[in-house]
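A.B. asks: Sharing a model that was predicted from the sequence below.
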Amino acid sequence: MKKSTALPALLLAALACEVPDVRVPEVGGAAPPFTAVTMDGEEVAAADLRGTPYMLNIWATWCAPCRQEMPELQELHDTYADQGFRVVGVSVDDRGATDQIQAFIEEIDISFPIYHDPTWEIMESYLLLGLPGSFLIDSEGVIARKWTGPFRPMEEDVQRDVRALLPAEPAAQP
């Protein structure tokens with residue numbers, strides 16, 4: 001029986017290709033940079049979010065699990081917004097879906113910022129294979145926790161992790 005040399009040749013060719021330096025966003029590592037646009041069309045970047053802890057939620061209007069967790073994300077935002085925390089959503093709906101996104105925001109009564117990235121670059125930056133994806137990020141831009149797939153934002157362990165990132169109350173003066 002003659003051995004095939006095609007597979008070893010393909011493996012060698014693949015190994016010879018330059019592989020980009022891709023790092024999986026991990027807890028304790030820097031949150032990847034991204035850009036998106038506000039619903040008014042103004043560009044925003046991850047760097048604009050520095051200075052306060054936040055929950056980054058990557059979602060789409062056509063994603064059923066995304067839609068299901070959105071009310072709890074709003075509740076999480078409402079619970080901790082006055083303590084220096086916010087939720088930020090980035091929709092990866094297609095170009096031209098602004099009206100759909102806006103209708104969903106109004107339907108659920110979302111008050112936290114929703115941005116739009118129809119290029120899906122944020123999906124590549126965060127190496128997400130599906131939706132939703134959520135990342136708890138501290139005020140320095142470090143990932144404190146991540147969820148790939150749906151999760152329950154109001155579970156006690158999530159709230160505990162959010163509270164751990166909140167700014168400390170100033171000491172009372174005597």
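C.D. replies: Yep, that arrived. Note that the coordinates shown come from a computational prediction; the quantities given were computed from them, not determined experimentally.
A.B. asks: and the host helix or strand of residue 115, average pLDDT?
C.D. replies: Residue 115 belongs to strand 114-116 when assigned by DSSP states H and E. Mean per-residue pLDDT for strand 114-116: 98.
A.B. asks: again with stretch 80-93
C.D. replies: 97.
A.B. asks: So for that stretch, what gets flagged as buried?
C.D. replies: Going by neighbour count (16 or more other Cβ atoms under 10 Å), the buried part of stretch 80-93 is 80, 85, 86, 87, 88, 89, 90, 91, 92, 93. For the C-beta atoms, the positions are set from N, CA and C on the backbone; glycine is no exception.
A.B. asks: rewinding a little: can you list the residues that contact the helix or strand just after the strand holding residue 115?
C.D. replies: Downstream of strand 114-116, the next assigned helix or strand under DSSP H and E is helix 121-125. Defining contact as Cβ atoms under 8 Å, 6 or more residues apart in numbering, one finds that helix 121-125 is touched by 25, 32, 33, 34, 35, 36, 58, 90, 92, 133.
A.B. asks: so residue 154, which of the three states?
C.D. replies: Using DSSP: H, G, I helix; E, B strand; the rest coil, the secondary structure recorded for residue 154 is coil.
A.B. asks: ok, how many other residues are close to the residue nearest to residue 96 when sequence neighbours are not counted?
C.D. replies: In this structure, residue 96 finds its nearest non-sequential neighbour in residue 118, 8.0 Å apart by Cβ to Cβ, 6 or more residues apart in numbering. Other residues near residue 118 come to 16 when the count uses other Cβ atoms under 10 Å.
A.B. asks: unless I'm mixing things up, residue 118 is touching residue 98, no?
C.D. replies: No - in this structure residue 118 lies outside contact range of residue 98 using Cβ atoms under 8 Å: 9.2 Å.
A.B. asks: where along the protein do the strands fall?
C.D. replies: Taking DSSP state E as the test, the strands found in the chain are 35-38, 43-45, 54-59, 86-91, 114-116, 133-137, 143-148.
A.B. asks: Who are the packing partners of the first one?
C.D. replies: With contacts defined as 3 or more Cβ pairs under 8 Å, 6 or more residues apart in numbering; DSSP states H and E, strand 35-38 has these neighbours: strand 43-45, strand 114-116.
A.B. asks: Residue 159 is nearest to which of those strands?
C.D. replies: Closest approach to residue 159 among the helices and strands packed on strand 35-38 (Cβ to Cβ): strand 114-116, 21.9 Å.
A.B. asks: Give me the contact list for that closest one.
C.D. replies: By Cβ under 8 Å, 6+ apart, the residues outside strand 114-116 that reach it are 36-39, 44, 88-91, 93, 97-98, 101, 105.
A.B. asks: Measure how far it is from the centre of its chain, please.
C.D. replies: Chain-centre distance of strand 114-116: 11 Å, with Cα atoms, centre = their mean, to the nearest Å.
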